[in-house]
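A.B. asks: Quick one: sequence and predicted model below, then my questions.
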Amino acid sequence: MEEIGRSQLAQARKIEEKDITGVPKDSRPQYHLSSPVGWMNDPNGFSYYEGECHLFFQYHPFSNTWGPMHWGHCKSKDFIQWEYLPLALAPDQEYDAGGCYSGSAMEVDGEHVLVYTGVIDRYLKDGTHDYRQVQCIAKGNGVDYEKYEGNPVLDGQGLPEGCSREDFRDPKVWKEGEKYYMAVGNCTIDGDGQALLYRSCDLKQWEFLCILDQSLGKYGKMWECPDFFPLGEKHVLLVSPQDMRARGYEFHNGNNSIFLSGHYEESTFKFQREGAKAADYGLDFYAPQTILAPDGRRILMGWMQSWDAKFMGGLLKWSGMMTIPRELSMRDGRVCQNPVRELEGYRKNLVEYTGEKINGMASFPGISGRVIDLQVEIMEFAFHHFAIRFAHNEEYEMLLQYNRQRNCLTIDRTHSGLVRDVVCRRKMETYPVLQEGREVLKLRILLDQYSAEVFVNDGERVMTSLFLTPMEADGIVFDTDGEACINVRKYDICI
Ligand code: FRU
């Protein structure tokens with residue numbers, strides 16, 4: 001079995017190496033991690049090993065659509081430039097032949113340990129369909145990984161009654177004191193989402209501790225990709241529920257990612273939830289995972305796409321990219337996100353305008369581009385609507401529009417070149433903040449060819465969306481139906 005496994009991995013690596021050369025570098029995002037070839041979804045195994053940051057990802061290198069899941073692999077010294085490494089895992093064992101699904105990683109005694117979900121998906125001789133998800137480990141040296149001969153290390157046998165054994169995936173491991181802990185995504189047999197907590201001394205034998213938190217009909221179905229960490233004075237349980245129902249502007253239909261924040265009593269493993277907020281209010285964000293950097297920063301990366309709107313699939317030789325790594329902080333009980341500070345080292349060619357009064361359409365020399373860090377502060381609000389049209393030319397545009405009366409910000413990709421029948425518009429509640437006695441609305445927009453991440457008021461809220469506008473549409477136009485006063489700063493991001 002192990003022999004067959006090795007040749008399957010070697011074969012996949014060979015194909016990956018060959019096909020990567022067919023993807024021109026400039027067809028991909030410049031400073032966001034994207035799939036080197038083929039399909040990418042969730043970030044996996046976001047971890048440090050021998051002083052470098054590694055990131056793995058759900059990967060189907062053979063086509064630009066989802067297929068039997070491998071683990072792609074890359075590493076970085078600064079979260080911005082990523083070096084691709086040969087893919088790390090192939091679904092080559094009986095217990096993972098249905099896919100090596102999402103998971104996490106950590107350094108243990110000089111080894112890099114990957115903890116992932118193996119999917120068993122087979123028909124038994126009597127015709128029954130054997131479908132289960134089990135937790136597995138693999139150990140390696142930062143390039144090559146060996147699956148543990150005792151896999152799976154955890155199956156659904158010991159799950160409490162009422163817990164699904166089919167949906168039991170995406171282990172996130174961490175260490176506290178001498179013990180390892182693991183959060184796993186799960187749902188009840190009725191499909192209601194929940195996250196489970198386990199403990200171990202050696203990453204091999206796991207003891208079920210408790211159900212950390214549950215949807216109870218409010219926060220969607222199956223909870224995928226849980227992560228659990230302290231932030232400021234609180235603890236955050238980050239989950240990605242499937243099949244949510246929209247609630248105001250807070251959650252939207254479909255796949256969401258949410259921050260559940262509250263108090264965690266370590267001695268009893270009790271998580272007392274106090275709040276629940278969307279992690280991102282845009283169209284394309286899912287399955288985020290965090291890492292604790294050696295300097296104490298908690299950094300998050302998410303898959304910059306959504307399952308129900310896979311409009312990039314099939315159009316290019318690659319599909320899938322990650323968000324900019326985001327530094328998390330807790331402000332007034334809210335999880336805030338800002339681009340990693342390392343990005344600032346790649347900013348060039350500042351163009352700046354201060355205190356510009358505008359009324360109607362306005363554009364400014366030097367304020368344009370598709371690979372930029374754009375900051376706009378709105379300081380006077382004698383208008384109903386204020387719009388920024390970017391990735392703009394006569395035919396195409398992306399629209400970001402602030403409605404002053406409704407205190408709402410809308411992102412709209414209707415005219416961004418899409419020809420698929422997918423959701424194009426999303427809204428979020430947005431208020432100006434008080435700064436030195438006056439109201440200011442602060443927007444920071446990261447554009448990278450096909451993506452926009454809009455950070456509002458120093459990361460209080462974020463909305464992330466993809467679009468497909470041709471690259472020559474690089475104009476930026478401001479547009480108001482009354483008077484506004486703005487500051488604008490633009491940097492090119494040069495890698
Ligand atoms: C989330 C997810 C995970 C699973 C993986 C499969 O996007 O559905 O739950 O492990 O993707 O690719």
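C.D. replies: That came through, no problem.
A.B. asks: Show the contacting residues for Tyr145.
C.D. replies: Residues in contact with Tyr145, defined by C-beta atoms under 8 Å, 6 or more residues apart in numbering, are 88-89, 112, 114, 138-139. Every C-beta, even on glycine, is put in place using the N, C-alpha and C of the backbone.
A.B. asks: Same question for Asn41, what's its three-state structure.
C.D. replies: Of the three states, Asn41 takes strand under DSSP: H, G, I helix; E, B strand; the rest coil.
A.B. asks: Tell me the one of the contacts of Tyr145 nearest the ligand?
C.D. replies: Checking the contacts of Tyr145 against the ligand with C-beta to the nearest ligand atom, the nearest one is Leu89 at 12.3 Å.
A.B. asks: May I ask you to confirm that Lys348 is in contact with Tyr491?
C.D. replies: Yes. Between Lys348 and Tyr491 there is a contact under C-beta atoms under 8 Å: 6.4 Å.
A.B. asks: Neighbour count for the two, which is higher?
C.D. replies: Between Lys348 and Tyr491, counted using other C-beta atoms under 10 Å, the more crowded position is Tyr491 (20 against 9).
A.B. asks: for the more buried one, what are its contacts?
C.D. replies: If a contact means C-beta under 8 Å, 6+ apart, then Tyr491 has 347-350, 372-373 as its contacts.
A.B. asks: And for Asp295, the neighbour number?
C.D. replies: Residues contacting Asp295 under the criterion other C-beta under 10 Å number 5.
A.B. asks: Please, which helix or strand holds the residue in the stretch 251-400 of the chain that the ligand sits nearest to?
C.D. replies: The nearest approach of the stretch 251-400 of the chain to the ligand comes at Ala287, 4.2 Å away (C-beta to the nearest ligand atom). According to DSSP states H and E, Ala287 maps onto strand 286-292.
A.B. asks: The residue lying closest to Pro86 once chain neighbours are set aside: neighbour count?
C.D. replies: Nearest-residue entry for Pro86: Arg13, 4.7 Å, with adjacent residues in sequence omitted and distances by C-beta to C-beta, 6 or more residues apart in numbering. Residues near Arg13, counting by other C-beta under 10 Å, number 18.
A.B. asks: for the helix or strand encompassing Arg13, what is the average pLDDT?
C.D. replies: Here Arg13 sits within helix 2-20, counting by DSSP H and E. Averaged across helix 2-20, the pLDDT comes to 85.
A.B. asks: picking that back up, could you dump the contacts of Tyr491 to CSV with secondary structure, pLDDT and distance to the ligand?
C.D. replies: Listed next are those as CSV, based on DSSP: H, G, I helix; E, B strand; the rest coil; pLDDT from 0 to 100; distance: C-beta to the nearest ligand atom, whole Å:
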residue, secondary structure, pLDDT, distance to the ligand
Arg347, strand, 98, 32
Lys348, strand, 98, 35
Asn349, strand, 98, 37
Leu350, strand, 98, 38
Ile372, strand, 98, 29
Asp373, strand, 98, 28
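A.B. asks: most surrounded residue in those?
C.D. replies: Neighbours here mean other C-beta under 10 Å. Within the contacts of Tyr491, the largest count is held by Asp373, at 24 neighbours.
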